[in-house]
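J.: here are the coordinates; sequence isn't available:
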């Protein structure tokens with residue numbers, strides 16, 4: 001939804017303002033760098049809870065692209081999308097590298113590359129199907145629903161782990 005649909009949706013909503021897409025992508029890139037920097041500054045923060053909280057923000061930002069119509073609010077959604085997306089990406093990599101020993105880290109990164117590339121191809125195909133059947137906003141809402149489901153499940157599992165660990 002993010003890579004293909006934001007340009008198409010933006011062009012569809014604001015055909016007379018091509019500079020808006022550049023502003024959206026620039027804000028996403030800048031806020032992405034700030035999100036990665038924020039993640040790099042984490043030391044003793046609860047990384048797992050932060051990961052799922054960032055997914056909640058990311059899911060809501062995706063949904064907002066389908067629901068918002070004003071340029072200013074769309075730009076704010078782009079900032080939230082870039083910032084939270086960078087936190088999710090960075091934390092996933094850090095947590096996986098900590099969980100896997102040094103000998104198996106290269107194998108894990110290779111497997112992740114295969115899974116992510118397969119996921120990209122599959123999601124592009126599904127994005128095309130949903131967009132052609134239901135329109136651009138449906139893609140954002142479906143992606144947001146999937147993201148929020150994953151985030152909610154992760155937060156629920158984290159809460160269960162904490163409840164089991166505490167007496």
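T.: Thanks, I have the structure now. Note that this is a predicted model, so its numbers are computed, not measured. Numbering: from 1, shown residues only.
J.: Just give me the longest helix of this protein.
T.: Across the chain, the longest stretch assigned as helix under DSSP state H is helix 102-134.
J.: tell me what that helix is packed against?
T.: Where contact means 3 or more Cβ pairs under 8 Å, 6 or more residues apart in numbering; DSSP states H and E, helix 102-134 is packed against helix 2-13, helix 71-99, helix 136-165. No exception for glycine: its C-beta is placed from N, CA and C like everyone else's.
J.: right, so of those, which gets closest to residue 54?
T.: Closest of those to residue 54 is helix 71-99, at 4.0 Å (criterion: Cβ to Cβ).
J.: picking that back up, the longest helix of the chain vs helix 136-165, what angle?
T.: Orientation note: helix 102-134 sits at an angle of 140 degrees relative to helix 136-165 (axes from the mean of the first three to the mean of the last three Cα atoms, to 10 degrees).
J.: Dump the helices and strands packed on helix 102-134 to JSON lines, plus mean pLDDT.
T.: Written out in JSON lines, the entries for these read as follows (pLDDT from 0 to 100):
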{"stretch": "helix 2-13", "mean pLDDT": "81"}
{"stretch": "helix 71-99", "mean pLDDT": "87"}
{"stretch": "helix 136-165", "mean pLDDT": "84"}
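J.: No more questions from me, cheers.
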